[in-house]
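Novice: build me a structure from this.
(one chain, ligands or ions: 1)
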Amino acid sequence: MSHCRHCHSTNLFPVLDLGFAPPSNAYLTKEQLHQSELTLPLRINVCEQCWLVQTQDFTVPEQLFVDDYAYFSSTSSSWLSHAKQYCEMITSRFNLNQDSYVVEIAANDGYLLQNFVAAHIPCLGIEPTADTASAARAKNIPIVQAFFNANMAQEMANKGQQADLIVANNVFAHVPDINDFSLGLHKLLKANGVITLEFPHLLSLLEQVQFDTIYHEHFSYFSLFAVKQILAKVDLRIFDVETLNTHGGSLRVYACHLDSAHQTSARVQQLIDQEAAHRLFQRDGYQNFQSKVDKIKNDLVRFLIEKKEQGKTVVAYGAAAKGNTLLNYAGIKPDLLPVVFDAAKSKQGKFLPGSHIPILSPNHIEQYSPETILILPWNIVCEIAESITKRYKNCNFTIAIPSLKSYE
Ligand SMILES: [Zn+2]
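Specialist: Reported below is the predicted structural model:
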């Protein structure tokens with residue numbers, strides 16, 4: 001019997017069943033193509049007690065999810081400018097200076113903290129992945145290589161390392177024990193400190209049918225309402241919220257201690273009211289999601305078959321987790337999509353898990369003379385299309401989500 005990862009209720013309502021899928025980062029070598037491949041059920045449920053949307057738990061060896069394919073945030077120019085703007089805004093809003101202390105959880109390669117270092121604001125990054133942590137150190141950013149949890153936060157607090165600002169961007173959804181992580185935030189935060197959390201918004205996932213953001217390593221899909229309850233359980237209060245365009249629609253939540261001086265903005269309740277209006281706190285809001293997902297799958301498969309019958313080549317771009325969820329659910333194999341291009345050298349020469357589509361450097365695009373390039377990371381479609389156009393001009397671009405759409 002499954003339990004809600006926040007409130008432990010067994011009252012879970014099924015939202016989406018994506019069949020069986022391999023871990024999204026289990027890229028294969030040529031030799032591994034001849035071996036059996038591990039796949040696991042990929043299902044999401046909503047808890048009818050606290051309305052947290054979450055992947056269904058199952059027992060698997062932890063090492064399955066060890067990420068050998070570190071994503072370096074600094075390789076994306078749009079992420080770098082998003083981080084810079086955030087640092088300027090937050091420094092001015094909360095008067096951060098050389099006496100402040102900023103801690104970022106999942107600091108990656110220092111793409112964000114480098115702005116605080118440049119502004120002479122003391123900071124520390126916590127980052128579990130060795131490659132990205134050492135890239136951050138090379139930029140003179142102090143880094144602890146670890147997974148953040150309540151024990152670690154307590155130890156830091158004991159050493160007087162509490163933070164005026166805790167930044168946790170795009171990590172909350174990847175944490176299996178969301179209650180322990182939240183308790184850690186509480187312990188690490190100074191009395192009048194501020195936490196900002198960014199995460200993809202459940203409302204965008206449902207409205208834009210962004211089902212490819214669902215994979216095993218992504219444990220929770222948050223409404224503001226659910227996050228408010230999770231934080232309230234550890235005596236943290238959400239006092240402000242902003243909507244962002246990142247990841248196809250994210251929230252930036254501002255939280256503080258319950259009794260802290262920060263005034264709660266009316267925006268918090270307004271956004272929860274908007275979520276309620278979209279029926280996120282009743283079964284109704286989830287009931288037709290599977291059929292919307294199936295329509296996207298069918299449209300894409302039909303498109304690829306038609307192109308093949310017309311003798312036109314379609315290739316893909318972006319060998320990331322997103323693409324794997326879509327391709328595996330749709331059952332697309334190299335006969336319909338012969339290659340996926342990706343700039344990450346660590347993936348080139350390997351094969352996508354499940355679909356076994358080969359991954360090549362974008363230098364090879366011209367050899368395939370594609371009529372259409374299917375861009376899998378639809379959230380940065382413009383950035384990718386622009387970079388492809390610099391080397392190869394004679395093709396159309398297509399995205400599959402929220403619906404099949406072509407750009408000439
Ligand atoms: Zn629950």
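Novice: when you work out contacts or count neighbours from here on, use the C-alpha atoms and nothing else.
Specialist: Noted.
Novice: quick one: residues contacting residue 135.
Specialist: The contact partners of residue 135, taken as Cα atoms under 8 Å, 6 or more residues apart in numbering, are 109-110.
Novice: who in this protein is up against the ion?
Specialist: By Cα under 5 Å from the ion, the residues of the chain that approach the ion are 4, 7, 47, 49-50.
Novice: what is the mean pLDDT for the longest strand seen in the chain?
Specialist: Using DSSP state E, we find that the single longest strand of the chain is strand 189-200. Mean pLDDT, strand 189-200: 97.
Novice: burial count for the closest residue to the ion within the stretch 301-408 of the chain?
Specialist: The minimum distance from the stretch 301-408 of the chain to the ion, using Cα to the ion, falls at residue 325 (25.0 Å). By other Cα atoms under 10 Å, the residues close to residue 325 number 27.
Novice: now the closest residue to it other than its chain neighbours: how far from residue 254?
Specialist: Leaving aside its chain neighbours, residue 325 sits nearest to residue 212 (5.2 Å; criterion: Cα to Cα, 6 or more residues apart in numbering). According to Cα to Cα, to the nearest Å, residue 212 stands 27 Å off from residue 254.
Novice: next one: residue 73
Specialist: 22 Å.
Novice: what sits against the closest residue to residue 47 other than its chain neighbours?
Specialist: Spatially, and ignoring its direct neighbours in sequence, residue 47 is nearest to residue 12 (4.5 Å; Cα to Cα, 6+ apart). Residue 12 is in contact with 2-4, 45-48, counting by Cα under 8 Å, 6+ apart.
Novice: list the contacts for the residue of the stretch 201-350 of the chain found nearest the ion?
Specialist: Nearest residue of the stretch 201-350 of the chain to the ion, counting by Cα to the ion: residue 226, 8.6 Å away. Contact analysis of residue 226 by Cα under 8 Å, 6+ apart lists 50-52.
Novice: now, among those residues, which is nearest to the ion?
Specialist: Distances from the ion to the contacts of residue 226, taken by Cα to the ion, are shortest for residue 50, at 4.1 Å.
Novice: tell me the phi and psi of the closest one?
Specialist: phi -120, psi 0 (degrees, to the nearest 10).
Novice: distance of it relative to residue 243?
Specialist: 22 Å.
Novice: just the strands in the stretch 1-150 of the chain please.
Specialist: Using DSSP state E, counting those that start in this stretch, the strands assigned to the stretch 1-150 of the chain run over residues 12-21, 40-47, 53-55, 102-105, 123-126, 143-144.
Novice: pick the most buried one from the ones you listed.
Specialist: Highest mean neighbour count of the strands of the stretch 1-150 of the chain: strand 53-55, a mean of 26 (counted as mean count of other Cα atoms under 10 Å).
Novice: which residues touch it?
Specialist: So strand 53-55 is contacted by 4-5, 42-47, 216, 218-222 (Cα under 8 Å, 6+ apart).
Novice: that one pairs with which strands?
Specialist: Strand pairing for strand 53-55, determined by DSSP bridges: strand 40-47 (antiparallel), strand 220-221 (antiparallel).
Novice: for residue 336, see how far away the residue nearest the centre of the chain is.
Specialist: The chain has residue 170 as the residue nearest its centroid, 5.6 Å off, counting by Cα atoms, centre = their mean. To residue 336, residue 170 is 33 Å away according to Cα to Cα.
Novice: likewise residue 292?
Specialist: 22 Å.
Novice: right, and the helix or strand after the longest helix along the chain?
Specialist: Using DSSP state H, we find that the single longest helix of the chain is helix 289-309. Toward the C-terminus, helix 289-309 is succeeded by strand 314-317 as the next helix or strand (DSSP states H and E).
Novice: who are the packing partners of the following helix or strand past that following strand?
Specialist: Next along the chain after strand 314-317, taking DSSP H and E as the criterion, comes helix 321-330. Under the contact criterion of 3 or more Cα pairs under 8 Å, 6 or more residues apart in numbering; DSSP states H and E, helix 321-330 touches strand 12-21, helix 289-309.
Novice: need these in a markdown table with distance to residue 132 and mean pLDDT, can you?
Specialist: Conversion of these to a markdown table gives the following (distance: least, Cα to Cα, whole Å; pLDDT from 0 to 100):
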| stretch | distance to residue 132 | mean pLDDT |
| --- | --- | --- |
| strand 12-21 | 27 | 96 |
| helix 289-309 | 34 | 98 |
